[in-house]
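1. attaching a predicted model along with its sequence, questions to come.
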Amino acid sequence: MPDHQFVLTLSCPDRPGIVSAVSTFLAHNGQNILDAQQFDDIETGNFFMRVVFTAADLAVELQALQTGFTAIADRFAMEWQMRDRANRRRVMLLVSKSDHCLVDILYRWRTGELEMIPTAIVSNHPRETYGNLDFGEIPFHYLPVTKEAKREQEEAVWKLVQDTKTDLVVLARYMQILSDEMSAKLSGRCINIHHSFLPGFKGARPYHQAHERGVKLIGATAHYVTRDLDEGPIIDQDVERISHRDTPEDLSRKGRDIERRVLARAMRHHLEDRVILNGRKTVVFMD
């Protein structure tokens with residue numbers, strides 16, 4: 001990645017002149033556009049844009065660019081952010097007993113596929129649950145959950161988020177429902193992976209329920225967490241075809257594979273500023 005590569009994401013009511021204003025501002029400030037994607041939602045009348053740019057012949061500090069862009073953002077009533085892509089986001093991983101998503105995330109982080117800084121691994125199960133898994137220097141926090149102490153446990157998690165300056169919280173098969181208060185605090189920066197079927201199977205043993213109904217597709221959904229359980233804005237989904245020959249164990253195995261790749265894609269989209277909220281939906285600018 002070239003030095004001082006920046007990314008600008010924005011959304012605003014659609015009107016003529018937005019693209020022109022953005023590109024003209026960048027050109028006048030000595031910046032060269034490397035990639036630009038846009039979407040006009042004709043149903044809502046909102047406009048979305050993602051621009052990656054770098055200095056062409058003039059080195060300008062990020063803060064100066066942000067200050068200069070404010071006038072354009074105000075003119076078009078934009079919700080926007082501009083940041084240096086070299087600054088990796090800080091990510092906290094919450095996990096319960098199933099560790100397949102956690103293991104996959106750590107692998108993709110170590111190989112450089114997920115460019116992030118892990119701030120902590122938090123679990124409602126003790127460290128020995130994860131056997132010989134190598135967490136390296138990532139701090140591990142055992143925060144058990146009981147019905148009587150759920151609020152205190154969430155307060156401890158929130159304190160960790162604040163103390164570690166975490167940007168993104170990932171529920172990597174964390175089998176606890178966040179309270180409305182916690183969901184609100186983490187709005188737009190907490191991603192969950194959820195088994196998703198057609199038809200939908202809620203509760204325990206979803207793959208066994210799917211087997212009993214004879215489904216032909218199983219899938220998974222990665223979404224932002226909201227107070228509406230498993231109904232937050234969807235970032236990524238995937239499915240896999242199955243047959244009558246598949247046992248519940250086969251469905252569970254295939255389901256784990258889907259969950260791993262869907263969560264990893266959703267995380268990468270978020271970390272690379274490819275996701276913009278659009279009400280109950282998202283706009284995802286693919287690479």
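-> Okay, I see it. Given the structure is predicted, the values throughout are model-derived calculations rather than measurements.

2. residue ranges with poor pLDDT in the stretch 51-200 of the chain?
-> Filtered on pLDDT under 70, the stretch 51-200 of the chain yields the residue ranges 58, 197-200.

3. for it, just list every one of the strands.
-> Ranges of strands in the stretch 51-200 of the chain, per DSSP state E, counting those that start in this stretch, are 79-84, 89-95, 116-123, 140-142, 168-171, 190-196.

4. closest to Phe285 out of those strands?
-> Between Phe285 and those, the shortest gap by CB to CB is with strand 79-84, which sits at 14.0 Å. In this view, the C-beta of every residue, glycine as well, is placed from N, C-alpha and C.

5. backbone dihedrals for Val19, please?
-> Backbone torsions of Val19, given as degrees, to the nearest 10, read phi -60, psi -40.

6. ignoring the adjacent residues along the chain, who's closest to it?
-> With sequence-adjacent residues excluded and distances taken as CB to CB, 6 or more residues apart in numbering, Val19 is closest to Gln38, at 6.6 Å.

7. now do the same contact list for that neighbour.
-> Val19, Phe47, Phe48, Met49, Arg50 (CB atoms under 8 Å, 6 or more residues apart in numbering).

8. follow-up on the earlier one: could you dump the strands of the stretch 51-200 of the chain to JSON lines with distance to His223?
-> Below are these laid out as JSON lines (distance: least, CB to CB, whole Å):
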{"stretch": "strand 79-84", "distance to His223": "20"}
{"stretch": "strand 89-95", "distance to His223": "15"}
{"stretch": "strand 116-123", "distance to His223": "19"}
{"stretch": "strand 140-142", "distance to His223": "25"}
{"stretch": "strand 168-171", "distance to His223": "10"}
{"stretch": "strand 190-196", "distance to His223": "6"}
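
9. Tyr224: which of the ones you listed is closest?
-> The minimum distance between Tyr224 and the strands of the stretch 51-200 of the chain falls on strand 190-196, with 6.2 Å, by CB to CB.

10. got a list of contacts for that closest one?
-> If you take CB under 8 Å, 6+ apart as the criterion, strand 190-196 is touched by 101, 168-174, 178, 183, 201, 206-207, 218-225, 230, 232, 235, 237, 255, 259, 262-263, 266-267, 270.
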